[in-house]
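*Asks:* all I have is the shape, not the residue letters:
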């Protein structure tokens, strides 16, 4: 999604002491709060990439983030 020849480097020397603790698990929120995701993973990634592109362009991130919040609220209202 990033395009432009994006790449990443896996640091095999990195020591991840917390990796077993930091895994995301929404099952408790799903069970206890009735939470469910509103964005498909593709859309969430597009929004995240969009935010980082805005940051890279030095856009006004407060405005960009507020727009994403408004877009999200509109998505919820349409459900």
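*Replies:* Arrived safely, thanks for sending. Bear in mind that the values here come from a model prediction, so they are computed numbers and not experimental data. Numbering: from 1, shown residues only.
*Asks:* low pLDDT regions in the protein?
*Replies:* 13-16, 19 (pLDDT under 70).
*Asks:* repeat that with 90
*Replies:* 1-26, 37, 79 (pLDDT under 90).
*Asks:* that one: helices as residue ranges?
*Replies:* 27-33, 41-56, 61-77 (DSSP state H).
*Asks:* could you say which of the ones you listed is packed most deeply?
*Replies:* helix 41-56 (a mean of 13; mean count of other Cβ atoms under 10 Å). Every C-beta, even on glycine, is put in place using the N, C-alpha and C of the backbone.
*Asks:* which elements pack onto that helix?
*Replies:* Packing partners of helix 41-56 (3 or more Cβ pairs under 8 Å, 6 or more residues apart in numbering; DSSP states H and E): helix 61-77.
*Asks:* tell me what angle the helix it packs on forms with helix 41-56.
*Replies:* 160 degrees (axes from the mean of the first three to the mean of the last three Cα atoms, to 10 degrees).
*Asks:* if we look at helix 61-77, which residues are touching it?
*Replies:* 38, 39, 47, 50, 51, 54, 55 (Cβ atoms under 8 Å, 6 or more residues apart in numbering).
*Asks:* re earlier: switch the helices of the chain over to JSON lines; also include distance to residue 17.
*Replies:* Compiled in JSON lines, those are given as follows (distance: least, Cβ to Cβ, whole Å):
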{"stretch": "helix 27-33", "distance to residue 17": "23"}
{"stretch": "helix 41-56", "distance to residue 17": "25"}
{"stretch": "helix 61-77", "distance to residue 17": "31"}
